[in-house]
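A.B. asks: 3D, please:
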Amino acid sequence: MAMMAVAFPILPGKTGEWRAFIAELDGTHRTEFVDSRERAGVRERTFLQPTPMGDLVIVTLEGDDPAHAFGQMMQDTSPFATWFREKVQAIHGVDLAAPVTASPSELVIDTAAPAVAR
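C.D. replies: Next up, the predicted model:
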């Protein structure tokens, strides 16, 4: 199973709004959230990482092709996906609907695999 990770900074002063968003994803929008990830064929895990430069969110996707799944989820036109992208843009300042031409992150080391060529 493949995995990818993406980091998103939280805009200054928006951590409370992010926590409310996460509560919605784990509450009133839980079924839609889980269904969207199942349709894309991935398991998502999200971590909050405080740093001296501000809070950071780390999202991992695991599945057969997480990069493809990420693109699929970001192009979804359902009301849930649209709401999700709007919340992400307001909290993180990132437009997830913008076309991506490269992987959003680079794997640099994996203890369970051969050295990554650089």
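A.B. asks: for the residue sitting nearest the centre point of the chain, helix, strand, or coil?
C.D. replies: Closest residue to the average C-alpha location of the chain: Val59 at 4.4 Å, with CA atoms, centre = their mean. Counting by DSSP: H, G, I helix; E, B strand; the rest coil, the backbone at Val59 sits in strand.
A.B. asks: which residues does it contact?
C.D. replies: Residues counted as contacts of Val59 (CB atoms under 8 Å, 6 or more residues apart in numbering) are Ala5, Val6, Ala7, Phe8, Glu44, Arg45, Thr46, Phe47. Every residue, glycine included, has its C-beta placed from N, CA and C.
A.B. asks: wait, isn't Gln75 in contact with Leu96?
C.D. replies: No. Taking contacts as CB atoms under 8 Å, Gln75 lies outside contact range of Leu96: 9.4 Å.
A.B. asks: chain center to stretch 44-64, what's the gap?
C.D. replies: When C-alpha coordinates are averaged (CA atoms, centre = their mean, to the nearest Å), stretch 44-64 and its chain have centres 8 Å apart.
A.B. asks: for that stretch, buried residues please.
C.D. replies: Burial within stretch 44-64, assessed by neighbour count using 16 or more other CB atoms under 10 Å, is assigned to Glu44, Asp55, Val57, Val59, Thr60, Leu61, Glu62, Gly63.
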